[in-house]
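*Asks:* the following block contains a protein sequence and its predicted model.
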Amino acid sequence: MVRLEDIQSFFRGWVAANEPMVRYTSMRVGGAADFYLEPADKDDMVALVKFLDANAVPWMMVGRGSNMLVSDEGIRGAVINAESAISNVSLEGGIVTAEAGVRLNRFVDFCIQHELAGVEMLAGIPGTVGGAVVMNAGAHGGEISDHLVDIEVLRNGSIQWIDKAAAKFSYRRSGLEHDAVLSARFKLTKGNKEKLAHQRRELILKRNQTQPLELPNSGSMFKNPPNTFAAKLIEQAGLKGKRVGRAEISEKHANFIVNLGDAKAADVVRLLELARRTVYQNTGLMLELEVKLVGFSDDVKRKFA
């Protein structure tokens, strides 16, 4: 059994045991992780992952803690936040290289400043490049994988570059969920800086007007079914404003569940079940989760399979 002292003997970053995940998720719910770690740099992170693998300690990477729901029982194993360890973005030979810890807004701004188009639709999404690549984040008809060239990952104890095709991207999904994503390279098209900046401002304004950003949330809870929108289906089911405990299906955007204060993950799950069941009864469409369930039992996860 790995102890905190075992990690501290070689790890140069910040580590805590039994750290409440409510502090690190955008929904502000969730129990404690066995270990929460912030590596000092890339080498520190690689050494950490190799140590955890060698000792059969399960681990996962988080960025801004969006698009995830952590159970009230917490997370067994280690949670790694590499936002401060790997957060460089650069341009060379027409290729943008962004490390996994780079915030999406900074990535978008960097590309706009260098008159590069293709990722401006990501403006306002509260995540990091690493998390966005793993979940193939997107908005307004575009996805982060659209202009990807390849991805640097730590896989099976070695650093590898995985090309776009091998990453198996699909709608809000990739084949990288079991890798430690370190960086990604993008080839973007030439754009007009002023026009791109205007598009960015318009997208952020629209996001602020239509999404409940004033309250803790995990972003969109369900994927959009083909040819329709999850929010529309949930709203038509009459579920806007429905509450369980201190969790609520947003009055502003029905595909968001918000934390009204001290909500529990179990409250959120009950609302997810209600929305999924009611939409299916009304339309025959079974909504698929976009938010990732972390630390939940297999029984809970099977309900959404």
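*Replies:* Happy to help now that I have it.
*Asks:* now do stretch 76-91: distance to the chain's middle.
*Replies:* 13 Å (Cα atoms, centre = their mean, to the nearest Å).
*Asks:* count of residues packed around residue 231?
*Replies:* 22 (other Cβ atoms under 10 Å). C-beta: built from backbone N, CA, C; applies to glycine.
*Asks:* so it sits in a helix?
*Replies:* Yes - assignment of residue 231 by DSSP: H, G, I helix; E, B strand; the rest coil places it within a helix.
*Asks:* helix/strand/coil for the closest residue to it other than its chain neighbours?
*Replies:* Nearest non-adjacent residue to residue 231, counting by Cβ to Cβ, 6 or more residues apart in numbering: residue 255, 3.8 Å away. With three-state DSSP as the basis, residue 255 sits in coil.
*Asks:* residue 255: what's it in contact with?
*Replies:* Counting by Cβ atoms under 8 Å, 6 or more residues apart in numbering, residue 255 makes contact with 220-222, 229-231, 234.
*Asks:* and the pLDDT for residue 92?
*Replies:* We have a pLDDT of 96 for residue 92.
*Asks:* what's the spacing between it and residue 181?
*Replies:* Counting by Cβ to Cβ, to the nearest Å, the gap from residue 92 to residue 181 is 20 Å.
*Asks:* rewinding a little: from residue 106, how far off is the residue nearest to residue 231?
*Replies:* For residue 255, the distance to residue 106 - Cβ to Cβ - is 26 Å.
*Asks:* ok, now residue 61?
*Replies:* Taken as Cβ to Cβ, the span from residue 61 to residue 106 is 18 Å.
*Asks:* pick out whichever of these two has more residues nearby.
*Replies:* residue 61 (24 against 14).
*Asks:* setting aside sequence neighbours, what's the nearest residue to that one?
*Replies:* Leaving aside its chain neighbours, residue 61 sits nearest to residue 80 (5.0 Å; criterion: Cβ to Cβ, 6+ apart).
*Asks:* mind listing the strands the least confident helix or strand in the chain by mean pLDDT pairs with, and their directions?
*Replies:* Sorting the helices and strands of the chain by mean pLDDT, DSSP states H and E puts strand 138-139 at the bottom, at a mean of 87. Here strand 138-139 is paired, per DSSP bridges, with strand 142-143 (antiparallel).
*Asks:* what's the spacing between the strand it pairs with and its chain's center?
*Replies:* The answer for strand 142-143 is 15 Å, by Cα atoms, centre = their mean.
*Asks:* what mean pLDDT does that strand get?
*Replies:* Mean predicted lDDT for strand 142-143 stands at 93.
*Asks:* wait, residue 117 sits on residue 191?
*Replies:* Yes - using Cβ atoms under 8 Å, residue 117 is in contact with residue 191, at 3.0 Å.
*Asks:* who does the helix or strand the residue nearest to residue 61 falls within pair with, and is each partner parallel or antiparallel?
*Replies:* Taking DSSP states H and E as the criterion, the element that holds residue 80 is strand 75-81. Partners of strand 75-81 in the sheet, by DSSP bridges, are strand 32-38 (parallel), strand 59-62 (parallel).
*Asks:* ok, of those, where does mean pLDDT dip lowest?
*Replies:* strand 59-62 (a mean of 94).
*Asks:* may I have it as CSV, with CA atoms only?
*Replies:* Output of strand 59-62 as CSV, limited to C-alpha atoms (Å, rounded to 0.1, in the frame of the first residue of the first chain):
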residue,chain,number,x,y,z
TRP,A,59,-4.7,7.6,-11.3
MET,A,60,-6.5,10.2,-13.4
MET,A,61,-5.7,13.7,-14.7
VAL,A,62,-7.8,16.7,-14.2
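*Asks:* what's residue 260 sitting at in phi/psi?
*Replies:* Backbone torsions for residue 260, taken as degrees, to the nearest 10, come to phi -80, psi 0.
*Asks:* which one is it nearest to, not counting chain neighbours?
*Replies:* residue 246 is the one closest to residue 260 (Cβ to Cβ, 6+ apart), at 4.6 Å.
*Asks:* what's around residue 302, how many residues?
*Replies:* 9.
*Asks:* tell me which of the contacts of residue 255 is nearest to residue 297?
*Replies:* Distance to residue 297 across these (Cβ to Cβ) is lowest for residue 221, with 19.2 Å.
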